[in-house]
Every structure is written in C-alpha cells, then in structure tokens.
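K.L.:
I'd like to go over a predicted model; first the sequence, then the structure.
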Amino acid sequence: MTPAELAFLAVAGFGAGVVNGVAGGGSMVSFPALLVVGVPSLAANVTSTVGIWPGYAGGAAGFRRNLATQRDRLRALAPIALAGAVVGSLLILVTPDDAFDALAPWLVLAACALFAAQPRLARRLAVDHRDDGGGGGGRAGLRAAGVFVASVYGAYFGAGLGVLLLAVLGITLPGRLADLNAVRTVLALLVNSIAVVVFAVAAPVVWSAAAAMAVSSLAGGYVGARSAARMPVPVFRAVVLALGLAAAAGLFLR
C-alpha cells in the first residue's frame with residue numbers, strides 16, 4: 001500500500017475508534033475505508049476487525065469508572081460472548097469468498113439500520129430503565145440468547161455489534177445507560193479479541209492496513225468513551241451512515 005493509503009486508513013481507524021467508544025459501529029467507518037483502497041470484501045472484513053481491535057480496548061479504559069460496579073454482570077455474560085465469538089469466527093473461515101461478496105452488502109445495510117436506530121434506542125432506554133436493584137429477573141434466558149447471537153454476528157461481521165449488544169442489554173437489564181454502555185464495550189472487546197486471534201492465524205488479514213489502523217483506533221476509542229455523554233453527534237452519525245450506505249452501494253455494483 002502507498003503511504004497516502006496508509007495515512008487514509010489511520011484516519012479511518014481513529015474515526016472507527018471514536019464511533020466504537022461512543023455507541024458501537026466503528027466498522028461502519030473502517031470497512032468502507034478498506035474497500036476504498038482496494039481490499040476485497042472478505043479480507044476487508046477481517047482486516048477491519050484486527051485493525052480496530054485496540055479501539056475497543058481504549059473504549060473499555062475510558063469506561064473504567066462505570067465498570068467498577070458491573071463486574072458481576074460481566075462475569076455472567078463474558079463466557080456467553082466468548083462462545084458466540086468462537087462460532088462466528090469459525091463461520092467466517094468456512095464462508096467462500098464469492099458467498100461473502102454476495103452477503104456483504106446486505107450485512108452492511110443491516111448494520112446501517114442498527115446504527116440509524118441507536119439514538120431512538122438510547123432515548124427509550126433512558127426513559128424506561130429504573131434500577132430495581134436486581135439483575136433483570138426472568139429475562140436472564142433472553143439476555144443470554146441475545147448476547148450469544150450478537151456475539152456470533154459480531155465475530156462474523158463486526159459492523160453494528162456494539163449497537164446490537166446495547167439493545168440486548170437495554171431490554172434485559174435495569175440500570176443507567178452509561179453503565180450498560182460500559183458492559184457493552186467490554187463484551188465487544190472480548191468478542192473481537194477472539195476474532196482477532198482466529199483471523200491472525202487463519203484469515204486473509206492485510207497486515208499493513210491493520211497496523212495503520214491499530215494505534216489510531218486505540219486513541220479514538222478512548223476519546224469516544226470519555227466524551228460519549230456530551231458529544232454532539234447528529235452530523236457525525238450522518239457521515240458514518242453515508243459511508244455505510246456508499247459501501248453497500250459499491251458492493252452491490254461489484
């Protein structure tokens with residue numbers, strides 16, 4: 001890759017990290033950026049996962065105060081997320097390139113829909129949630145199933161994982177949105193950690209591109225998490241959605 005392309009990907013990595021820190025969906029930035037520089041869709045998917053993994057770590061660091069009160073929830077949900085991540089990572093390895101090429105635009109459109117719905121979801125959760133001091137009562141089974149399915153999806157195709165996890169947690173757990181967002185960030189980090197290990201061993205990662213994104217996504221994840229509660233995001237979200245829709249259109253036209 002040329003220096004200009006690598007610089008472009010570094011900027012995209014920072015943007016992906018910020019988006020992941022705020023609400024999830026950073027692959028909506030990194031995946032289209034990799035397509036723009038000519039990376040095939042399957043390789044772009046796994047390279048995006050590897051390249052923006054540090055952004056999830058940065059986001060978790062930014063939420064460290066919220067996480068201090070969420071350890072029991074994380075201990076319960078982490079094994080479920082890890083199991084789903086293993087399944088999703090193995091599924092991508094057995095998906096033929098041409099099948100993924102056909103599926104990719106629909107996955108991007110699904111991610112766009114999740115990302116577009118996130119603000120309404122956040123407002124709904126802020127209104128509906130009252131901390132009853134419990135763990136969600138009879139919703140434990142629904143919560144486990146939802147986290148597992150979201151983790152399979154996230155390891156297979158990362159865009160929209162954070163939004164999907166936040167939806168599951170918001171429906172099935174009481175508590176403040178900031179605390180649920182912190183749990184979402186750590187679960188997404190675990191899912192992507194499994195995917196990174198599997199992809200590093202057996203998937204067509206473009207390592208120069210992944211390296212260009214890695215450091216900048218770490219910084220972006222920390223910035224996004226620290227500013228999540230006060231960031232004015234409407235224009236920012238519109239840009240991310242435009243990138244996702246353009247990527248879907250480009251994939252349909254290939």
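P.N.:
It's in.

K.L.:
under the pLDDT cut-off, which ranges of the protein? List them.
P.N.:
Low-confidence segments of the chain, defined by pLDDT under 70, are located at 22-24, 118-119, 121-138, 227-237, 239-240, 243, 253-254.

K.L.:
where along it do the helices fall?
P.N.:
Using DSSP state H, the helices of the chain run over residues 3-22, 27-36, 41-51, 53-62, 64-67, 71-93, 97-128, 140-156, 161-172, 177-202, 207-226, 234-253.

K.L.:
possible to save the ones you listed as a markdown table with mean neighbour count?
P.N.:
Heads up, the C-betas are built off the backbone N, CA and C, glycines and all. Compiled in a markdown table, those are given as follows (neighbours: other Cβ atoms under 10 Å):
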| stretch | mean neighbour count |
| --- | --- |
| helix 3-22 | 24 |
| helix 27-36 | 28 |
| helix 41-51 | 27 |
| helix 53-62 | 26 |
| helix 64-67 | 14 |
| helix 71-93 | 18 |
| helix 97-128 | 16 |
| helix 140-156 | 21 |
| helix 161-172 | 25 |
| helix 177-202 | 23 |
| helix 207-226 | 23 |
| helix 234-253 | 16 |
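
K.L.:
now do the contacts for the closest residue to residue 185 other than its chain neighbours.
P.N.:
Nearest-residue entry for residue 185: residue 59, 4.5 Å, with adjacent residues in sequence omitted and distances by Cβ to Cβ, 6 or more residues apart in numbering. If a contact means Cβ atoms under 8 Å, 6 or more residues apart in numbering, then residue 59 has 17, 20-21, 185, 188-189, 221-222, 224-225 as its contacts.

K.L.:
just residue 21 next, same as before
P.N.:
With Cβ under 8 Å, 6+ apart, residue 21 has these contacts: 55, 58-59, 62, 185, 220-228.

K.L.:
from residue 62, how far out is the residue nearest to it when sequence neighbours are not counted?
P.N.:
Among residues not flanking residue 21 along the chain, residue 224 sits closest, at 2.2 Å (Cβ to Cβ, 6+ apart). Using Cβ to Cβ, to the nearest Å, residue 224 is found at 7 Å from residue 62.

K.L.:
what's the answer for residue 142, then?
P.N.:
Between residue 142 and residue 62 the distance is 29 Å, computed by Cβ to Cβ.

K.L.:
and residue 68, how many neighbours?
P.N.:
Neighbours of residue 68 under the rule other Cβ atoms under 10 Å: 10.

K.L.:
for it, give me phi and psi.
P.N.:
In terms of degrees, to the nearest 10, the main-chain angles of residue 68 are phi -60, psi -30.

K.L.:
where's it relative to residue 212, distance?
P.N.:
Looking at residue 68 against residue 212, where the rule is Cβ to Cβ, the gap reads 34 Å.

K.L.:
same question, residue 193
P.N.:
As for residue 193, its distance to residue 212 is 20 Å (criterion: Cβ to Cβ).

K.L.:
surely residue 154 is in contact with residue 191?
P.N.:
Yes: with contact taken as Cβ atoms under 8 Å, residue 154 and residue 191 are classed as touching, separated by 4.7 Å.

K.L.:
would you confirm that residue 189 contacts residue 56?
P.N.:
Yes: in this structure, residue 189 sits in contact with residue 56. The criterion is Cβ under 8 Å, and the distance is 3.9 Å.

K.L.:
tabulate the contacts of residue 59 in a markdown table, adding columns for distance to residue 99.
P.N.:
Formatted as a markdown table, these follow (distance: Cβ to Cβ, whole Å):
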| residue | distance to residue 99 |
| --- | --- |
| 17 | 30 |
| 20 | 27 |
| 21 | 32 |
| 185 | 31 |
| 188 | 25 |
| 189 | 28 |
| 221 | 31 |
| 222 | 37 |
| 224 | 33 |
| 225 | 35 |
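
K.L.:
ok, which pair from those is furthest apart?
P.N.:
The largest separation in the contacts of residue 59, counting by Cβ to Cβ, is between 188 and 222 at 14.7 Å.
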